[in-house]
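**Student:** The amino acid sequence is not available; the structure is as follows:
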């Protein structure tokens, strides 16, 4: 079951709730003040924020096509 983040309009707390996908927009009670809320917050838990640098040996060499050379296109 997916985990969603919600923001309470009453007390402004942000909390998580495990809910079925079909119920993600239905109101869920805030654990801080018990006010039902259905305001979804974009979660960054699974977002990749940076790209690792390529190692020198991983950078393509050769012609402008980046194939590494040795073919008919270079």
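**Tutor:** Perfect, I can see it now. None of these values were measured; they are calculated from a predicted model.

**Student:** how many neighbours does the closest residue to residue 26 other than its chain neighbours have?
**Tutor:** Spatial nearest neighbour of residue 26, chain neighbours left out: residue 38 (6.3 Å); criterion: C-beta to C-beta, 6 or more residues apart in numbering. C-beta here means a position set from N, CA and C on the backbone, and glycine is covered the same way. Applying other C-beta atoms under 10 Å, we find 13 residues neighbouring residue 38.

**Student:** same thing with residue 28?
**Tutor:** Residue 28: 19 neighbours (other C-beta under 10 Å).

**Student:** now residue 19
**Tutor:** By other C-beta under 10 Å, neighbour count at residue 19 equals 16.

**Student:** So the residue nearest to residue 26 sits against residue 8, correct?
**Tutor:** No: in this structure, residue 38 is not within contact of residue 8 by C-beta atoms under 8 Å, at 10.3 Å.

**Student:** Please name the bridge partners of residue 36.
**Tutor:** In this entry, residue 36 is beta-bridged to residue 29, by DSSP bridges.

**Student:** so what's it up against?
**Tutor:** Residues near residue 36 by C-beta atoms under 8 Å, 6 or more residues apart in numbering: 27-30.

**Student:** how about the residue nearest to residue 26, what does it touch?
**Tutor:** Neighbours of residue 38 in contact, by C-beta under 8 Å, 6+ apart: 6, 25-28.
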